[in-house]
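S.K.: sequence-free structure coming up:
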């Protein structure tokens, strides 16, 4: 891992550890007695002041609750072992930082003066937060005598957080015109990595988090095993108008149905993707080459790379049994169901996979037991995604967000099962993509290992190719609109 990190810093990273010596020292001072692994949350920020304060307050509250949870756990473990806990007689205060929040304030030189001014106010605010953190680090009275039950201190934006602000918005530091949110997110994630982060979580400036968000990130940092990433279920915030609420309901309904139908085809690329849903390990981030620099859809392509890493690790079997990171065996037919608009683990509602199917890559991503709440606002800041989709939907006379007919998903399922012998409506697409030559090479590379052969197929038939296959089938099949649940 050390050599891989060094190569990444030399060849691909925007920042190196030398750029972050001062920040790493500050993080060590602010870790306090909790000794939590370093967890970073990276937020691209453009024209988001003062609204981002809600996001930071949400993160702060979650971080403070995580610090108390870690404290309680240490006391419990020490008591069961018959010894006094580390920091006995002490309780956590706001100076015990659980999350390193990296805000990448960005814009282009050609952006309006209003955006640049808003970003300048954002930078000033973040610098004040960073200075407050430094004062806490030098303050000697960071732990108070415990005089009773633990209580959560009053939450302010700096509580439980340590801030870093990256300036891509001032004269001489603008984002390159050809780059956008992908570059900003990459800069923040590279910076977090150079500061020594073990876990890097993506976040948006208009997203809120559940109260156990930080605790789940810390737990994942301790227990991820060989996992390279995790996903966080999402549910959009309540919209500002009835029409916008109908639009976000339709869009979420589409994402849930489309994801479930994709999952039934046997592809590992079925989970719905939003930026704030993705959490990765430092090892996973480096192994997939880091975040890409795309103007839009950077989260989609990044997740694809992480999935490919995991499915090539040969941790699936023909019998449909998945070996989890902790070494236990779990049925690969564990599913995620829609519950109150979110994906949630639901053992009682498992949809059993027919194990007689010839495709056997029963892969399920790891979901953390928490939630994020993105905004349902209209936006044209990126080329595609929730904001542009909301703009499109509310412009319709009748709000509809159609998914594709079952015959589309059935054609993809049949191709995944039969591969070179598939003779359905995808035949033209298969020829167009020169699949037979690709499959011949895959078989030659894996003559005796059917699992690796299957995994290699899915590395080729990835999420992007599936989208292209669906668009190919659009000319053959007619879309339909599901009932909104």
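M.R.: Nice, thanks for sending it over. Predicted, not measured: the structure shown is a model, and the values here were computed from it.
S.K.: which stretches of the stretch 1-150 of the chain form helices?
M.R.: Secondary structure of the stretch 1-150 of the chain (DSSP state H, counting those that start in this stretch): helices at 2-11, 21-30, 52-80, 113-138.
S.K.: of the ones you listed, which is nearest residue 362?
M.R.: helix 2-11 (28.7 Å; CB to CB). (C-beta placed from N, C-alpha, C; glycine too.)
S.K.: report the beta-bridge partner residues of the spatially most central residue of the chain.
M.R.: Residue closest to the average C-alpha location in the chain (CA atoms, centre = their mean): residue 278, at 0.6 Å. Judged by DSSP bridges, the bridge partners of residue 278 are residue 231.
S.K.: just the strands in this structure please.
M.R.: 39-45, 90-91, 99-106, 144-145, 161-168, 199-202, 208-209, 229-231, 278-281, 321-323, 329-331, 336-339, 342-345, 372-373 (DSSP state E).
S.K.: quick check: the gap between the residue nearest to the centre of the chain and residue 24.
M.R.: Distance of residue 278 to residue 24, computed by CB to CB, to the nearest Å: 24 Å.
S.K.: next one: residue 165
M.R.: For residue 165, the distance to residue 24 - CB to CB - is 16 Å.
S.K.: sorry, back to before: of all the helices of the stretch 1-150 of the chain, which one comes closest to residue 173?
M.R.: So among the helices of the stretch 1-150 of the chain, helix 113-138 is nearest, using CB to CB, at 10.4 Å.
S.K.: quick one, that closest one and strand 161-168 angle?
M.R.: Counting by axes from the mean of the first three to the mean of the last three CA atoms, to 10 degrees, helix 113-138 lies at 140 degrees to strand 161-168.
S.K.: in the chain, where is pLDDT below threshold?
M.R.: 29-37, 70-96, 134, 136-156, 314-361, 377-401, 478-485 (pLDDT under 70).
S.K.: please repeat the previous calculation with a cut-off of 80.
M.R.: Low-confidence segments of the chain, defined by pLDDT under 80: 1-2, 24-37, 69-96, 132-158, 314-362, 377-403, 477-485.
S.K.: in TSV, list the helices of the stretch 1-150 of the chain along with mean neighbour count and distance to residue 227.
M.R.: What follows is the helices of the stretch 1-150 of the chain, written out as TSV (neighbours: other CB atoms under 10 Å; distance: least, CB to CB, whole Å):
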stretch	mean neighbour count	distance to residue 227
helix 2-11	12	17
helix 21-30	15	24
helix 52-80	20	20
helix 113-138	16	30
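S.K.: closest to residue 239 out of those helices?
M.R.: Of all these, helix 52-80 comes closest under CB to CB, at 15.4 Å.
S.K.: I'd assumed residue 217 was in contact with the residue nearest to the centre of the chain.
M.R.: No. Here residue 278 does not reach residue 217: they are 12.0 Å apart, not a contact under CB atoms under 8 Å.
S.K.: what touches both of these two?
M.R.: Residues within reach of residue 278 and of residue 217 at once, by CB atoms under 8 Å, 6 or more residues apart in numbering, are residue 201.
S.K.: and stretch 282-295, how far out from the chain middle?
M.R.: Distance, stretch centre to chain centre, for stretch 282-295: 12 Å (CA atoms, centre = their mean, to the nearest Å).
S.K.: list of residues touching it?
M.R.: 1, 4-5, 8, 12-13, 179-183, 185-186, 189-190, 193, 197-200, 227-229, 298, 301-302, 305-306, 308-309, 382-383.
S.K.: what is the end-to-end distance of that stretch?
M.R.: By CA to CA, to the nearest Å, the extent of stretch 282-295 from end to end equals 23 Å.
S.K.: which residues does residue 463 contact?
M.R.: Contacts were defined as CB under 8 Å, 6+ apart; by that measure residue 463 touches 267, 269, 300, 303-304, 307.
S.K.: which pair of those spans the longest distance?
M.R.: Spanning the widest gap among these are 267 and 300, at 14.1 Å by CB to CB.
S.K.: related to what we said a few turns ago, TSV please, covering the contacts of residue 463 and showing neighbour count.
M.R.: Below are these laid out as TSV (neighbours: other CB atoms under 10 Å):
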residue	neighbour count
267	22
269	25
300	20
303	25
304	19
307	24
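S.K.: just those: which are in helices?
M.R.: Among these, DSSP state H puts 300, 303-304, 307 in helices.
S.K.: of those residues, which is the nearest to residue 370?
M.R.: Checking those against residue 370 with CB to CB, the nearest one is residue 303 at 17.8 Å.
S.K.: ok, residue 215 touching residue 61?
M.R.: No. Counting by CB under 8 Å, residue 215 stays clear of residue 61, with 11.5 Å between them.
S.K.: burial measure for residue 364, as a count.
M.R.: Counted with other CB atoms under 10 Å, residues neighbouring residue 364 total 19.
S.K.: roughly how far does it sit from residue 273?
M.R.: 15 Å.
S.K.: how about residue 368?
M.R.: From residue 368 across to residue 273, the span is 15 Å (CB to CB).
S.K.: what sits against residue 121?
M.R.: Contacts of residue 121 (CB under 8 Å, 6+ apart): 49-50.
S.K.: swap in 6 Å and give it another go.
M.R.: Counting by CB atoms under 6 Å, 6 or more residues apart in numbering, residue 121 touches residue 49.
S.K.: helices along the stretch 301-450 of the chain, start to end?
M.R.: Going by DSSP H, counting those that start in this stretch, the stretch 301-450 of the chain shows helices at 386-394, 406-418, 427-432, 435-445, 450-460.
S.K.: for the fourth one, buried residues please.
M.R.: So the one you mean is helix 435-445. 435, 438-439, 442 (16 or more other CB atoms under 10 Å).
S.K.: quick revisit: tabulate the helices of the stretch 1-150 of the chain in JSON lines, adding columns for distance to residue 39.
M.R.: Formatted as JSON lines, the helices of the stretch 1-150 of the chain follow (distance: least, CB to CB, whole Å):
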{"stretch": "helix 2-11", "distance to residue 39": "17"}
{"stretch": "helix 21-30", "distance to residue 39": "11"}
{"stretch": "helix 52-80", "distance to residue 39": "9"}
{"stretch": "helix 113-138", "distance to residue 39": "16"}
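S.K.: what's the closest of the ones you listed to residue 459?
M.R.: When these are compared by CB to CB, helix 2-11 sits nearest residue 459, at 19.6 Å.
S.K.: for that closest one, packing partners?
M.R.: On a contact count with 3 or more CB pairs under 6 Å, 6 or more residues apart in numbering; DSSP states H and E, helix 2-11 meets helix 282-287.
S.K.: same thing but 10 Å
M.R.: With contacts taken as 3 or more CB pairs under 10 Å, 6 or more residues apart in numbering; DSSP states H and E, helix 2-11 sits against helix 181-194, helix 282-287.
S.K.: are any of the contacts of stretch 282-295 buried, and which?
M.R.: Here, 16+ other CB under 10 Å leaves 5, 8, 13, 179-183, 185-186, 189-190, 193, 197-200, 227-229, 298, 301-302, 305-306, 308-309, 382 buried among the contacts of stretch 282-295.
S.K.: ok, now which ones touch the closest residue to residue 367 other than its chain neighbours?
M.R.: Distances taken as CB to CB, 6 or more residues apart in numbering put residue 231 closest to residue 367, at 5.3 Å, once the chain neighbours are dropped. If you count contacts by CB atoms under 10 Å, 6 or more residues apart in numbering, residue 231 has them with 271-274, 277-279, 303, 306, 336, 343, 365-368.
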